[in-house]
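Novice: give me a 3D structure for the following:
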Amino acid sequence: MSDAAVLLRPLRARILEMLAEPQSAATVARRLSVARQKVGYHLKELEKQGLVELVEERRSGNCVERIVRVTSRAYLVSAEAL
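Specialist: Residues are numbered from 1 along each chain as shown. Modelled structure (predicted):
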């Protein structure tokens, strides 16, 4: 999937907007009232495309919380990409 196709999904665009400041999938999910697993899936796809980067990992009991942020403040999609 191209960068443009990844960005065309409305939930992914909302997630990217929220990640101007580093946050976890759980925090984003709570603020968007969406399941954490769904946000986690979309974050993995955004990370594969280089649109989101890992800032740190925090251990909390048996879980590891990944803190991520966007790699850019704005994205330009050319007409050819669509």
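
Novice: how about the residue most central in space within the chain, nearest residue that isn't a chain neighbour?
Specialist: In the chain, the C-alpha nearest the mean C-alpha coordinate belongs to Leu43, at 3.7 Å (Cα atoms, centre = their mean). Nearest residue to Leu43, sequence neighbours excluded (Cβ to Cβ, 6 or more residues apart in numbering): Ala25, at 5.5 Å. Just so you know, the C-beta spots here come from the backbone N, C-alpha and C atoms, and that holds for glycine as well.

Novice: that neighbour reaches Arg66, doesn't it?
Specialist: Yes: counting by Cβ atoms under 8 Å, Arg66 is a contact partner of Ala25 at 7.0 Å.

Novice: elements contacting the host helix or strand of the residue nearest to the centre of the chain?
Specialist: Assessed by DSSP states H and E, Leu43 sits inside helix 36-48. Helix 36-48 sits against helix 10-18, helix 25-32, strand 52-60, strand 63-70, with contacts defined as 3 or more Cβ pairs under 8 Å, 6 or more residues apart in numbering; DSSP states H and E.

Novice: pull out the buried positions in that helix.
Specialist: Val39, Gly40, His42, Leu43, Glu45, Leu46 (16 or more other Cβ atoms under 10 Å).

Novice: state the distance from Lys48 to His42.
Specialist: 11 Å (Cβ to Cβ, to the nearest Å).

Novice: Ala25 and Arg66: which is more packed in?
Specialist: More crowded of Ala25 and Arg66, by other Cβ atoms under 10 Å: Ala25, with 23 against 19.

Novice: what sits against that one?
Specialist: Contacts for Ala25 were tallied using Cβ atoms under 8 Å, 6 or more residues apart in numbering; they are Arg36, Val39, Gly40, Leu43, Arg66, Val68.

Novice: show me which of those is closest to Leu11.
Specialist: Val39 (8.1 Å; Cβ to Cβ).

Novice: if I look at that closest one, how far off is Val70?
Specialist: 14 Å.

Novice: was I right about the residue nearest to the centre of the chain contacting Arg69?
Specialist: No: with contact defined as Cβ under 8 Å, Leu43 does not reach Arg69; the gap is 10.8 Å.
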